[in-house]
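>>> Can you look at this prediction? I've put the sequence above it.
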Amino acid sequence: QYCDFRDPRLWLTSGSMGTMGFGLPAAIGAQFACPDKLVIDIDGDGSMRMNLGELETVTTYDLPIKVMVLNNYGDGMVMQWQRLFFKGRLAGSDKSLRKKDFVKAAEADGFPYAERLDRKEDVPRVLEEFLGFDGPAFLEVIIDPEAGVYPMVGPGLSYQDMITGDFIPNRYDAKEPEDPDASEMF
């Protein structure tokens, strides 16, 4: 929700449809298809657990993919669904999974850059290092387990019914920018 994409085929997503494990394999495919483009996989920790072995694919083929894992120690979107649509009954989502050291896993699979970001004041420096690294890079970002996961699509709904959360204007209330070519994201 903070990235401004103007050209087609620069944003590949499963569209908040809960396809855990989609991000890393999609990033690998995108990097093979567009070897000269910067490819960034932004994934949740639950999703990364689904295809953790693909980290080795990235380094085996020396793909310069930037892998960012947003770690809330559980399945944040699943938990949010259960709170919003199933009367707050949590089933299998509040795992408090804290034993997996994603940085060590990335290092074991050959990532030359593998770091953890857990302090807000380090964000600018670490993101610059991560995005500027020449080659495969892995960054685990520790986030608030209670943070909302938006935008999202509820059960049985379509993109038209997307839930944007309190901090993202929905498509019906959003104001048109004065200059449609100017980004107000940054």
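Noted; the coordinates are in hand. Residues are numbered from 1 along each chain as shown.
>>> Tell me which residue lies nearest the centroid of the protein.
The centre of the chain sits closest to residue 42, judged by C-alpha atoms, centre = their mean, with a distance of 2.7 Å.
>>> who does it bridge with?
Residues in a beta bridge with residue 42, per DSSP bridges, are residue 68.
>>> list the helices and strands the helix or strand hosting residue 29 packs on?
Element membership for residue 29, per DSSP states H and E: helix 23-33. With contacts taken as 3 or more C-beta pairs under 8 Å, 6 or more residues apart in numbering; DSSP states H and E, helix 23-33 sits against strand 40-44, helix 45-50, helix 54-60. Every residue, glycine included, has its C-beta placed from N, CA and C.
>>> hmm, back to that, the residue nearest to the centre of the chain against residue 65, yeah?
No. Using C-beta atoms under 8 Å, residue 42 is not in contact with residue 65; the gap is 11.3 Å.
>>> all helices of this protein, in order?
Per DSSP state H, the chain carries helices over the ranges 23-33, 45-50, 54-60, 76-85, 102-108, 123-132.
>>> can you pull the buried residues of stretch 103-113?
For stretch 103-113, a neighbour-count test (16 or more other C-beta atoms under 10 Å) marks 103, 105-106, 109, 111, 113 as buried.
>>> Need the max-distance pair from the residues you listed.
Within those, 105 and 113 form the most distant pair, 13.9 Å apart (C-beta to C-beta).
>>> Using PDB, write out every CA atom in the helix or strand of the chain at the bottom of the mean pLDDT ranking.
Ranked by mean pLDDT, DSSP states H and E, the weakest helix or strand in the chain is helix 76-85, scoring a mean of 79. In PDB, the C-alpha atoms belonging to helix 76-85 read as follows (Å, rounded to 0.1, in the frame of the first residue of the first chain):
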ATOM      1  CA  GLY A  76      -1.500 -12.800  10.900                       C
ATOM      2  CA  MET A  77      -3.900 -12.700   8.100                       C
ATOM      3  CA  VAL A  78      -5.600 -16.000   9.200                       C
ATOM      4  CA  MET A  79      -5.900 -14.600  12.800                       C
ATOM      5  CA  GLN A  80      -7.400 -11.400  11.400                       C
ATOM      6  CA  TRP A  81     -10.000 -13.400   9.300                       C
ATOM      7  CA  GLN A  82     -10.900 -15.300  12.500                       C
ATOM      8  CA  ARG A  83     -11.300 -12.100  14.500                       C
ATOM      9  CA  LEU A  84     -13.300 -10.300  11.800                       C
ATOM     10  CA  PHE A  85     -15.500 -13.000  10.400                       C
END
